[in-house]
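# sharing a sequence plus its predicted fold:
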Amino acid sequence: GNSFTHIVRMLEWVKESYYTLKHMNVRHFILQSMQLGLIVTSALMIWKTLMLVTGSESPVVVVLSGSMEPGFYRGDILFLTMDDRPVRTGDIVVFSLDGRDIPIVHRAIKVHEHSVLVERTPQEGTLDILTKGDNNYGDDRALYNKGQEWIHMNNIMGRAVGYLPKVGMITIIMNDYPYLKFALIGLLGVLVLTNKEV
């Protein structure tokens with residue numbers, strides 16, 4: 001009954017969209033394609049602007065696991081900043097490890113600062129940082145690369161400064177079901193291209 005009606009409506013929409021694209025004049029199609037390009041370009045410009053403002057290569061991340069519960073839950077979106085302040089114990093940081101694509105969101109539980117002497121004057125040195133998920137039993141040394149006891153500032157992508165609960169579940173669902181991501185992108189493209197308002 002009800003699901004059959006939805007399928008019929010969806011097929012009618014696909015048929016109508018195909019008909020609209022097939023009978024669209026070239027000028028209209030080019031205008032719609034340019035509009036789609038503007039949407040994509042605007043999204044990239046917003047992302048690059050966020051990178052410049054926050055100083056982080058990834059200004060927004062989605063929490064992918066429950067390791068930071070009850071502070072952050074799977075699907076929460078975190079906003080990051082990467083300023084000149086060194087990481088301190090208690091900071092929630094996002095870090096990446098060499099050879100791994102997915103960043104990790106955990107709390108810095110130990111920070112050791114090593115000063116460097118330059119002409120007998122102490123200068124800012126390196127930091128050894130140990131992290132742990134709030135909901136995990138032990139520290140992250142088991143997650144670090146083999147032989148790595150600490151992470152350093154070059155591993156840090158940013159420090160969490162705010163969050164939106166559960167908004168990132170869309171991203172998780174699209175990563176779990178890649179065909180859904182491509183279907184949604186295709187659907188949005190078709191909607192923009194078949195929009196009759198110019």
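Yes, it's here. Given the structure is predicted, the values throughout are model-derived calculations rather than measurements.
# D76 and K166, how far apart?
6 Å (CB to CB, to the nearest Å). Where C-beta positions appear, they are placed from N, C-alpha and C, glycine not excepted.
# which of those two has more neighbours?
Ranked by neighbour count (other CB atoms under 10 Å), D76 and K166 place D76 first, with 22 against 14.
# ok, for the more buried one, nearest residue in space, not its chain neighbours?
Using CB to CB, 6 or more residues apart in numbering and skipping residues adjacent in sequence, the residue nearest D76 is V63, 4.6 Å away.
# G189 too?
Excluding the flanking residues, the one nearest G189 by CB to CB, 6+ apart is L36, at 6.2 Å.
# and the helix or strand harbouring that neighbour, what's buried?
Using DSSP states H and E, L36 sits within helix 26-54. Residues Q32, L36, T54 are the ones in helix 26-54 that count as buried (16 or more other CB atoms under 10 Å).
# before we move on, the earlier item: just checking, the residue nearest to G189 touches G186?
No - applying CB atoms under 8 Å as the test, L36 and G186 come out as separate, 11.7 Å apart.
# pull the longest strand from the chain.
strand 104-118 (DSSP state E).
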